[in-house]
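Asker: please work out how this folds:
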Amino acid sequence: MVYSQPEMASIVDRQRVRSIVEPHWRRIYNFVFRLTLDRDRSERYLEDIFALAASRLDRAPDRDVELWLLEIANKLLEERLPRQPEVDFDMLDDTLRGEATRTDVVRSLTELQRDGLLWELKQGCMTAVINCLPPGERAAFVACHILKLPDDSAAKALSISESAYKVRLSRARKKVGDYLAPRCEHVNPMNPCHCPARVGTAVHRGFIGIGRVCGEVSLRKHPALPYGRYGTGIGNEDVPMRDITAIYGNLPEPDPPCDFGEQLISHILR
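Answerer: From the prediction side, this is the model:
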């Protein structure tokens, strides 16, 4: 088949756009979602991030494309996110711990549904905790503990010096640790807040939902495979995890819409 010059240019453009979108969009989505705790906002921001990246393809690096995209994403989030957190630790306590345990909400659910909600609660709660941090500290914490970037790469992605990155990260760790250490069963099983006792309250308050489908916010990627009560991995049901770094490092990626990569490419090429 012989293509005309405009058709050939269109094919080349699509291939170039796909080369930056397809290998990287899930990691960028993970970063943006953790910083916004909002599925709709994350999808809108990703469209803008990749559209901006596509407009700068001539400046795209040959290597470390992910860091280049994270830098674009972080700058966009710095412009759009409020300087102060939109939620705080008191609001999180009020949402999940402000009323007596509710068993009526989940009594009629199947075991699989309760298991799914339990996992969703853990993921949602852990993400909500880091959303109580100022955006700069939040980005440093996510880059380190969720994306697991080395210090020099994380600093580059956030467009700050490595020493400034370490300061932000240290502050973020302390705030997250100070909040979770006396409350969360995943840090210490003797703590008062246990996920099974909070599921009904979380559903009643709208913090988590029932009957989610692909494309809705649901961080439980494989509902049929339990990760263990304390999140330490399959087959480790009774092993408490006290290391906050490991708790966040073991969170599965969020589930964006199944065809979101193709949606991004189509959006860019319109």
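Asker: what pLDDT does the residue nearest the centre of the chain get?
Answerer: Centrality entry for the chain: nearest residue to the mean C-alpha point is residue 34, 3.2 Å, by C-alpha atoms, centre = their mean. Residue 34 is assigned 93 on the pLDDT scale.
Asker: which elements pack onto the helix or strand it falls within?
Answerer: Taking DSSP states H and E as the definition, residue 34 sits inside helix 25-36. Using 3 or more C-beta pairs under 8 Å, 6 or more residues apart in numbering; DSSP states H and E, the elements in contact with helix 25-36 are helix 39-55, helix 65-80, helix 111-130, helix 135-141, helix 260-269. C-betas here are computed from N, CA, C, even on glycine.
Asker: just name the most buried of these.
Answerer: Neighbour counts (mean count of other C-beta atoms under 10 Å) averaged over each of these peak at helix 135-141, with a mean of 24.
Asker: buried residues, whatever helix or strand comes next after that one. List them.
Answerer: Sequence-wise, the next helix or strand downstream of helix 135-141 (DSSP H and E) is helix 151-157. Residues 153, 154, 155, 156, 157 are the ones in helix 151-157 that count as buried (16 or more other C-beta atoms under 10 Å).
Asker: now do the same contact list for the last one.
Answerer: Looking back up the chat, that one is residue 157. 67, 70, 71, 74, 143, 149 (C-beta atoms under 8 Å, 6 or more residues apart in numbering).
Asker: now, which of those sits nearest residue 122?
Answerer: Of all the contacts of residue 157, residue 143 has the smallest distance to residue 122: 21.5 Å, by C-beta to C-beta.
Asker: quick check: that closest one touching residue 152?
Answerer: No: assessed by C-beta atoms under 8 Å, residue 143 is found out of contact with residue 152, at 11.3 Å.
Asker: might one say that the residue nearest to the centre of the chain is in contact with residue 129?
Answerer: No: if you go by C-beta under 8 Å, residue 34 and residue 129 don't touch, sitting 10.6 Å apart.
Asker: helices and strands around the helix or strand where residue 174 lies, which ones?
Answerer: Assignment of secondary structure by DSSP H and E places residue 174 within helix 162-180. The contact analysis (3+ C-beta pairs under 8 Å, 6+ apart) places helix 162-180 against helix 111-130, helix 135-141, helix 151-157, helix 244-249.
Asker: tell me which of these sits nearest to residue 205.
Answerer: Between the helices and strands packed on helix 162-180, helix 111-130 lies closest to residue 205; by C-beta to C-beta that is 11.0 Å.
Asker: what's the closest one packed up against?
Answerer: With 3+ C-beta pairs under 8 Å, 6+ apart as the test, helix 111-130 has helix 25-36, helix 89-97, helix 162-180, helix 195-204, helix 244-249 packed against it.
Asker: wait, which of the helices and strands packed on helix 25-36 is closest to residue 19?
Answerer: helix 65-80 (8.4 Å).
Asker: separation between residue 125 and residue 59?
Answerer: According to C-beta to C-beta, to the nearest Å, residue 125 stands 40 Å off from residue 59.
Asker: kindly report the same for residue 115.
Answerer: If you go by C-beta to C-beta, the gap between residue 115 and residue 59 works out to 47 Å.
Asker: again, but for residue 80
Answerer: Counting by C-beta to C-beta, the gap from residue 80 to residue 59 is 22 Å.
Asker: quick one: contacts of stretch 39-58?
Answerer: By C-beta under 8 Å, 6+ apart, stretch 39-58 touches 16-17, 20-21, 25, 28-29, 32-33, 36, 60, 68-69, 72-73, 76-77, 80, 216-217, 254, 256-257, 260, 264, 267-268.
Asker: that concludes my questions; thank you for your assistance.
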